[in-house]
Every structure is written in structure tokens, then in C-alpha cells.
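Participant: Kindly generate the corresponding structure for this input.
(chains A, B, C and D)
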Protein chains: 4
Amino acid sequence: MDQLCIVTTGGTIDKIYFDDKSDYQIGEPQIGGILRELGVTFQFTVIPIIRKDSLHISAEDRELLRATIAAQPARHVLVTHGTDTMVETARVLASLADKTIVLTGALSPARFRGSDAEFNIGTAVGAVQCLPPGVYIAMNGRIWDPEKVRKNVDANRFEALG
Amino acid sequence: MDQLCIVTTGGTIDKIYFDDKSDYQIGEPQIGGILRELGVTFQFTVIPIIRKDSLHISAEDRELLRATIAAQPARHVLVTHGTDTMVETARVLASLADKTIVLTGALSPARFRGSDAEFNIGTAVGAVQCLPPGVYIAMNGRIWDPEKVRKNVDANRFEALG
Amino acid sequence: MDQLCIVTTGGTIDKIYFDDKSDYQIGEPQIGGILRELGVTFQFTVIPIIRKDSLHISAEDRELLRATIAAQPARHVLVTHGTDTMVETARVLASLADKTIVLTGALSPARFRGSDAEFNIGTAVGAVQCLPPGVYIAMNGRIWDPEKVRKNVDANRFEALG
Amino acid sequence: MDQLCIVTTGGTIDKIYFDDKSDYQIGEPQIGGILRELGVTFQFTVIPIIRKDSLHISAEDRELLRATIAAQPARHVLVTHGTDTMVETARVLASLADKTIVLTGALSPARFRGSDAEFNIGTAVGAVQCLPPGVYIAMNGRIWDPEKVRKNVDANRFEALG
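Facilitator: The predicted structure follows:
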């Protein structure tokens, strides 16, 4: 992997808490700072293209994301994305050939103790440099085919389509 | 990946601090608890075969590790190991065919804030289920061929052999 | 301090995040677990009397809290409380004589990285065993007289009444 | 409390881990950064006078510490110190009149998950602004008279002299 292109779209991974508003908001992308602190030795660029809860990501947003990735020379792409519609976005990206694209996110904000963010980013980073071209989802420690996975909202985890 | 076999050998990832002795000691393997807390949805077993700083791992220890892995039915194996001699151990395991084996560890103990342990475990978990049979090292966000990597002790990171 | 009576009322300190509901909820009181993990050597009991965002604490809730504290034999009382109406509750408790009561809470949930929860609990614990009977607020590293402090919501901190 | 003078002497609270040396070293004082991140609203200055494991603090070091504190105008002083000889140092400082001095430290480094550092600093901060002039120790959630406490090294906690 000569270069990893990271495209961020918001989601829980980037949520931060504001007590004065008693509410979460989606903040700056966390992934760049996390990777720098961890001392990774590959090159990466971060493109913060959207900053939304994934329930609010529209067809236009997905087309923008698809076009942005298509325009990058990098063959390895990691997308951070809210979990609720991650599968839907992954299916839209399937039309992109010649790139290995892994989507990941978090069920708990990166700034939370015990968050799955760092681990999930690790899973995605490990997978993206080992997989052939295609679109994949890295959640709950597994690499999923977007056609064969769904988020189980009640159990708050990804699982195989029955 | 139907089942992940995890073999632990000690190393910094499992170091815990004892103030009354003003010293670190290698404690219980951390990886099982970490994976359970993160809510991974694959099956795994943990075999705590050795508990040593990797500078003290002997040829006999490596042979024990090799034989232990050979005896497991699992085709996907993750080994946690101290970083100083991880490359040496990986080369010994190269004689094992038909299994995908990824070694990882940490430059900072798992119980430390900002530790690379969770991320490295994620990288190894992501890679082990995507790679063909062989032996690999997952450190600093990259998947390395043990024949082409070394630990740069001064810089405290893994890098390509020159 | 022979015994510390801790009464919890909810607030940000106890907020936990549920990704499936994309929302915070006030969970189990955190303070007992925190103090046990930290290895404090004083005796304490936790009374989880209310579990609310402090904006929703009513006059009846405050009277219940006052009566509950009055009924305890302990002379040292720590109350965890949401920050928005902590001052108002403290003033209601001022009618209690013969007890040293310190209210504290957090501007960031205890389970968040970088939360002020542990520090604020520490400040309250340090103060409650050193102060004469009365009602006090421990926030932002200071011990406040409830008659002379307010929460500055925009700046998200407690400050002296002008 | 108009102004808090913080004097640091090293100890476990400031220990950081170096994997390339497989060892801890006492690093920069952590307390200033911790207090700034927590958003305390009192003024403070940090004087990093010594950086030692407290087992290596000599009579000369203690005299230097005593003279440094005596030279400060501040009436409220917090000293961070290794736990092994904290009691001994506190007794040397007892000759200082007119100042409220609280010593604290940590049984686990501040940069460790689950460290008691932030809580202990909180306890000391809460106590120092509430106590009359004198020298005190804040450890394990209690405020101790240095003449009546010892560190139980085996149990790794402070306890009353029998």
C-alpha cells in the first residue's frame, strides 16, 4: 500500500458532546489525529467530504462521495461513515472498479472510553491493504460483503443477512 | 473466518505496572477481554502459551509455539508477541503451511492511554481473514512479510529492511 | 470522616450513549464503581434517589432529596447532580444543619475520555472531609458557596456571581 | 484560594513508558496539562523542582523543596511526590508555618488507564482550599495527618498508623 486515501462523512465515530447544549454534534474527523498518534508508517490523506449522521445522508451525498473517490488516484480507500446507512452507501460505491474500498465507523464515539473506533479503524486498515479491488465493510471485527450484511439496530451490531 | 485461534506469548501488550515493586510485569493476556468488550462477532479461543518479554523467548519456546499452532484445527491464527524478537519468531513459524498466521503486539502496554494495542489487534484481525496462508506481521498499521521487515529499536517502530 | 453518604440524582456524570437510539440516556450511577476501582479506603454508601437531567428536577424531587439526606445518620454527604440546576438544589439543601454536604457533577460524562468526572469527585471528596457543616458546590476545581456562584452555560463552566 | 502554587518532585504520577528501553522513566510533570484540560478556573503556577523516584529523594532534596516553598508568596501549595517517601517529606515540611500544603501522588502513572492521578489531584485541590495552615497528605481518597499515616507497600495503599 503506497498511499491510503481516507474519506470521512461524519457519523458516530466523530461525535463529540456539548454539555451546554446537552447534545452530541458531529465534530472534526478524528481519524487523522488517531493515526498520527498511533505512529502509523504509511502515507495517508484525509478528505472530509461530508459531516452528517448517516440517517441524513442523501442520494446526492452518495453520488458526491462516489465521484470524489473516483477522482482520487489512490487505489486503497478507507471511508468513515455512520453505521445506520453504511451498507446502503457501500452498495452505491460498488460501481467503482479498480479500487479497494473499505467502509468503517463506530458504534461508540472515538472520544469515548471503550469506543470501538480505534479497533475498527485498525481492522479496516489491515483489510484494505490485503484485499482485491471491491467494496467491503469492516465492523465488529469482521470484513463483510455489503450484499450480505445488515446492521441489527436493536442488538447494535452488524450481522449476516439471514 | 469461522474461528480465530489466538496464541499469546507475553510482551509489552500485556505489561501491567506494580507501584509497590516500581516495575512492570507481564500480566494476564489482555486480548480476550479487549475483544469481548469491543463486541466482536467472530468466535475465538485464547491459548496463553508463554508469558515472557520477547528478549527472553528461547528457541525451545519458539518450537513450543510452532507445535502448539500446528496442533490447532483453526486455519486463522493471531499471535501476540513482544516486539523485539517478533520477526525472529515469525520466521520460525514460516514452516507451517495451510494456515494464515498474523503476529502483532504493542509498543505501549494495552492498559496505557494512547496505547497502540487495540489498533494493532484490529489491524491483525482485519488482515488475518483476508490473506492467503502464510506468516505476516501487523505493526504500525502495515502488514509486513517477516523476511522484509525489522524493528528499528531507536525509532521504536517497524520498517522495511533496507 | 467515618462514613461518606453519596446520594445520586443523575445528570451528565451518569450519561451513557446508545448508538441504536443515537442518543444519550442517564444510566446507572457511576460514582460507586469509580471509587471502588480507585481503591479509596473510606467507607461509603450510594443512594440512587433520582435519575434525571437536572433541567427536569422538580420542587418535589428537591424535597425528596432533602428528606432523604436528613434521614441519614452520616454527617458527610456527597451529592452528584446535573450542572444546570445544581445551584438551585444546593440552596434548597441549605436548611439542613449539622451536615457537611458537597454537590458535584460533570460537564462531560464519566465514561468519556478526558471527562472531568473523576477529578470533580476527587475535589468533592477532599472538601467534604475538611469543611464545617454547610452546603457547598465543587466544580471546576473550586469549592463554591451556592449563594455566590452560577453556571455560565455559554462558557460551560461555573463562575462567581458578578 | 487566589492562587495555587504547585511544586512537582517526580514519582509514579509522572512516569512514562519507553518500549525501546523496556522501562519507565519519570517524564515531564503531568499536573499542569491535566488541570488545563479539565478547565479549572483557579490560577496556578507549576514549579518542577525535582524529578526523581521518591526512594532517591535525599535530605538535601527535601531541604531544597522546603526552601522553595518558603520563598513563594502563595499560601496554598500542592506538592506532587512519589508515594514511597511522601510521609517523610511531609514531616520535613511541617516546619513551614502560615501555608496550607497538601502532598499527593499516584499509585499508577497518570498516563495509565484507570490511574488514580486525576482523582488524587482532585482530592488535594479540594482539600487545600478548605484546610487551615499545616501539612497534609491526600491519598486513597482521604486527607491524612503525616504523623498518623504510613504507606503499606504490600497492600499498595496508605493507612492509619496502628
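Participant: contacting residues around residue A:37?
Facilitator: residue B:114 (Cβ atoms under 8 Å, 6 or more residues apart in numbering or on different chains). C-beta: built from backbone N, CA, C; applies to glycine.
Participant: how about 10 Å then?
Facilitator: The neighbourhood of residue A:37, defined by Cβ atoms under 10 Å, 6 or more residues apart in numbering or on different chains, consists of A:118, B:114, B:116, B:119.
Participant: among those, which ones are buried?
Facilitator: Among these, those scoring as buried are A:118, B:116, B:119 (criterion: 16 or more other Cβ atoms under 10 Å in any protein chain shown).
Participant: returning to what we had before: what's the lowest-pLDDT member of the contacts of residue A:37?
Facilitator: Among these, residue B:114 has the lowest pLDDT, at 87.
Participant: Any chance of the contacts of residue A:37 in JSON lines with secondary structure and distance to chain D as columns?
Facilitator: Below are the contacts of residue A:37 laid out as JSON lines (DSSP: H, G, I helix; E, B strand; the rest coil; distance: Cβ to the nearest Cβ, whole Å):
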{"residue": "A:118", "secondary structure": "helix", "distance to chain D": "13"}
{"residue": "B:114", "secondary structure": "coil", "distance to chain D": "7"}
{"residue": "B:116", "secondary structure": "coil", "distance to chain D": "10"}
{"residue": "B:119", "secondary structure": "helix", "distance to chain D": "15"}
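Participant: can you pull the pLDDT of whichever residue of chain A sits closest to chain D?
Facilitator: With Cβ to the nearest Cβ, the shortest gap between chain A and chain D falls at residue A:113, namely 7.9 Å. Note for residue A:113: predicted pLDDT of 86.
Participant: Take the buried ones among the contacts of residue A:37 and write them to TSV, including distance to chain C.
Facilitator: Below are the buried ones among the contacts of residue A:37 laid out as TSV (distance: Cβ to the nearest Cβ, whole Å):
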residue	distance to chain C
A:118	11
B:116	16
B:119	15
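Participant: The residue positioned nearest the centre of chain A: what's it in contact with?
Facilitator: Compute the mean C-alpha point of chain A, and by Cα atoms, centre = their mean the closest residue is residue A:80, 2.1 Å away. Residue A:80 sits next to A:6-14, A:29-31, A:46, A:48, A:86, A:103-106, A:110, A:117, A:120-121, A:124 when contact means Cβ under 10 Å, 6+ apart.
Participant: Pull out the buried members of those.
Facilitator: Buried members of the contacts of residue A:80, scored by 16+ other Cβ under 10 Å, are A:6-14, A:29-31, A:46, A:48, A:86, A:103-106, A:110, A:117, A:120-121, A:124.
Participant: Could you restrict those residues to the ones contacting chain C?
Facilitator: Contacts with chain C are made by A:11, A:12, A:105, A:106, A:110 out of the buried ones among the contacts of residue A:80, judged by Cβ under 10 Å from any Cβ of the partner chain.
Participant: Could you report the separation of residue A:86 from residue A:47?
Facilitator: Using Cβ to Cβ, to the nearest Å, one obtains 18 Å as the distance from residue A:86 to residue A:47.
Participant: nearest residue to the closest residue to chain B within chain A other than its sequence neighbours?
Facilitator: Nearest residue of chain A to chain B, counting by Cβ to the nearest Cβ: residue A:122, 2.3 Å away. Using Cβ to Cβ, 6 or more residues apart in numbering or on different chains and skipping the chain neighbours, the partner closest in space to residue A:122 is residue B:122 (2.3 Å).
Participant: Could you quantify the relative orientation of the helix or strand containing that neighbour and helix A:117-128 as an angle?
Facilitator: Here residue B:122 sits within helix B:117-128, counting by DSSP states H and E. Helix B:117-128 runs at 30 degrees relative to helix A:117-128, counting by axes from the mean of the first three to the mean of the last three Cα atoms, to 10 degrees.
Participant: following helix B:117-128, which helix or strand comes up?
Facilitator: For helix B:117-128, the succeeding helix or strand toward the C-terminus, using DSSP H and E, is strand B:134-139.
Participant: From the chain's centroid, how far away is that next one?
Facilitator: Distance of strand B:134-139 from the chain centroid (Cα atoms, centre = their mean, to the nearest Å) equals 9 Å.
Participant: next one: stretch A:114-134
Facilitator: From the chain centre to the centre of stretch A:114-134 is a distance of 9 Å (Cα atoms, centre = their mean).
Participant: Any idea how far apart the tips of it sit?
Facilitator: End-to-end span of stretch A:114-134 (Cα to Cα, to the nearest Å): 30 Å.
Participant: Then stretch A:72-82?
Facilitator: End-to-end distance for stretch A:72-82: 22 Å, by Cα to Cα.
Participant: same deal with stretch A:121-134?
Facilitator: Length of stretch A:121-134, first residue to last, Cα to Cα: 18 Å.
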